[in-house]
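> Predicted structure and sequence below. I'll ask about it afterward.
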Amino acid sequence: MNYTASELMTVNAARLLRDGDRVFVGVGLPNLACNLAMRTHAPNLVMIYEAGVIGARPSRLPLSIGDPTLVSGACSVVGMYDIFSLYLQRGYVDVGFLGGAQIDRYGNINATVIGDYHQPKVRLPGSGGSMEIAAWANRCYIITPHQKRRFPAQVDFRTSAGFLGGRGEREASGVRGKGPQAVVTDLGILQPDETGELVLTALHPGATLEQAQANTGWPLRAVRQVQITEPPTAEELRILREELDPQGIYLKGS
């Protein structure tokens, strides 16, 4: 069965979610992953959006975190201050979905600049709420293509904290969230070891360890028994293509 890299990442991200999870989610592939999980194994998943929408059940694909479709069927709509201070920082958010231009060996994310901060090669959108989500969500998942430029040994700028310089440094910082628990790429899945360094724990069908290592900016290690993920099912692809993104807005090439 044929599927795209975007579909592969979305399906594997959806499978990480648990029924009943309260998920801080943005638009794009994380939003598709949450909606896919709700339609398959996690019907009681609660989606939370930065604009202040809790329990969103959008009737169509939202194009931004402020899209009016998010309000329809929602459990509650509050202010942005409330969503961060009363929900996220108090520990009521189970999962934060994140992305970025760079992710380093300790799961730190850069979405601010490429190159020197004062004279950057590229100026990026910046943090938004991702800095707070990375600090306070009980666990975080990251979705990104596996490319060497996206996986440097050290990010050019720390927009959102992973394990900083290691688990001990994150724990000493005082943030409650447990940090990135998985990075889903189009080659496989990376997870932190006991030090907080990302290591390869799973490969997608057809991908190899050598490919993953060649597309990583540090000497990527793998666990002793690397798992092989299950390919997307016909039903998962049908939901993505026919129900969630029939116009291919985010699933380009589908």
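Thanks, I have it. Residues are numbered from 1 along each chain as shown.

> for residue 180, what are its contacts?
Applying CB atoms under 8 Å, 6 or more residues apart in numbering, one finds that residue 180 lies in contact with 98, 107, 134, 139-142, 162-163, 192, 198. (Glycine included, C-beta is placed from N, CA and C.)

> since we're on the closest residue to it other than its chain neighbours, how many residues are nearby?
Here the nearest residue to residue 180 in space, its sequence neighbours aside, is residue 107; by CB to CB, 6 or more residues apart in numbering that works out to 3.8 Å. By the criterion of other CB atoms under 10 Å, residue 107 has 28 neighbours.

> you'd agree residue 107 is up against residue 193?
No - counting by CB atoms under 8 Å, residue 107 stays clear of residue 193, with 11.1 Å between them.

> how close does the residue of the chain most remote from its centre sit to residue 156?
In the chain, the greatest distance from the average C-alpha position (CA atoms, centre = their mean) is reached by residue 119, at 28.4 Å. Using CB to CB, to the nearest Å, residue 119 is found at 12 Å from residue 156.

> who's in contact with the helix or strand where residue 212 lies?
Following DSSP states H and E, one finds residue 212 within helix 209-214. If you take CB under 8 Å, 6+ apart as the criterion, helix 209-214 is touched by 146, 148, 185, 187-188, 200, 203, 219-220, 222, 226.

> Quick check: buried residues in it?
Buried residues in helix 209-214, counted by 16 or more other CB atoms under 10 Å: 212-213.

> Where does pLDDT dip in the stretch 1-150 of the chain?
For the stretch 1-150 of the chain, no stretch is flagged by pLDDT under 70.

> again, but for the stretch 151-254 of the chain
253-254.

> just the strands in it please.
Applying DSSP state E, counting those that start in this stretch to the stretch 151-254 of the chain gives strands spanning 180-184, 188-192, 198-203, 222-228.
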